[in-house]
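>>> Quick one: sequence plus predicted model below, questions after.
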Amino acid sequence: MRCPNCDQPYPEGATVCPSCGIPLAVPAELPPIVPQPVPGLTASGLAWASFFLGLASVLGVVLFVAIVLAHVAGLDPEAVRSQALLQRYIEEHPLLYAGGGICCLGELAGLLGLVLGIVGLSQERARPTRNGRTFSILGIVFGSLPLLCCVVYLIFVLVALTSGGIP
């Protein structure tokens, strides 16, 4: 390459001409290569699994909450304050146990959806697909919501146990 001022050769990559000292034009830096989605390639199996497991977990927890609210709506407030009466009521209504099982399955599905969503999202960075990132993010969000509900429920139970009944 030659200097535009003194027409002397200079090494490639030099920022100043070694002969006359004039600043040389620095070649523009190339933009980073961002992987583009492959046309026609749909979301990965992990992204789909994350989305559906997260959705199933939300539905399981919503079903459990609906079962509990239906039973609580029919309770006498004085009966709820006595733990013995509440225990007998729960034993007489096995649907509450089934609701608890549904909730546990929902929590397990939420945890799996969360993990698969994170793994799917990391795979999407290396090899993007159409809607793969969206399904992975939705799986993470849907999988996280029931886990947050579980924490709130545990706090509610701890308060109920320490105060001697449901507030």
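That came through, no problem.
>>> In contact with L112, which residues?
A49, L53, G143 (CB atoms under 8 Å, 6 or more residues apart in numbering). Just so you know, the C-beta spots here come from the backbone N, C-alpha and C atoms, and that holds for glycine as well.
>>> So which of those wins on neighbours?
For the contacts of L112, neighbours were counted using other CB atoms under 10 Å, and G143 has the most, 28 neighbours in all.
>>> Quick one: mean pLDDT for whatever helix or strand that residue lives in?
Per DSSP states H and E, G143 falls inside helix 132-163. Averaging pLDDT along helix 132-163 gives 80.
>>> Helices of this structure, start to end?
Taking DSSP state H, the helices of the chain run over residues 45-73, 77-81, 83-92, 94-126, 132-163.
>>> for the first one, packing partners?
Contacts of helix 45-73 with other secondary structure elements, assessed using 3 or more CB pairs under 8 Å, 6 or more residues apart in numbering; DSSP states H and E, are made with helix 94-126, helix 132-163.
>>> Could I get the buried residue list for it?
46-58, 60-62, 64, 67-68 (16 or more other CB atoms under 10 Å).
>>> Quick one: mean pLDDT over it.
79.
>>> returning to that earlier point: distance to R133 for the contacts of L112 - can I get that in JSON lines?
JSON lines is the format used below for the contacts of L112 (distance: CB to CB, whole Å):
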{"residue": "A49", "distance to R133": "15"}
{"residue": "L53", "distance to R133": "17"}
{"residue": "G143", "distance to R133": "15"}
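>>> Please consider this matter closed, and thank you.
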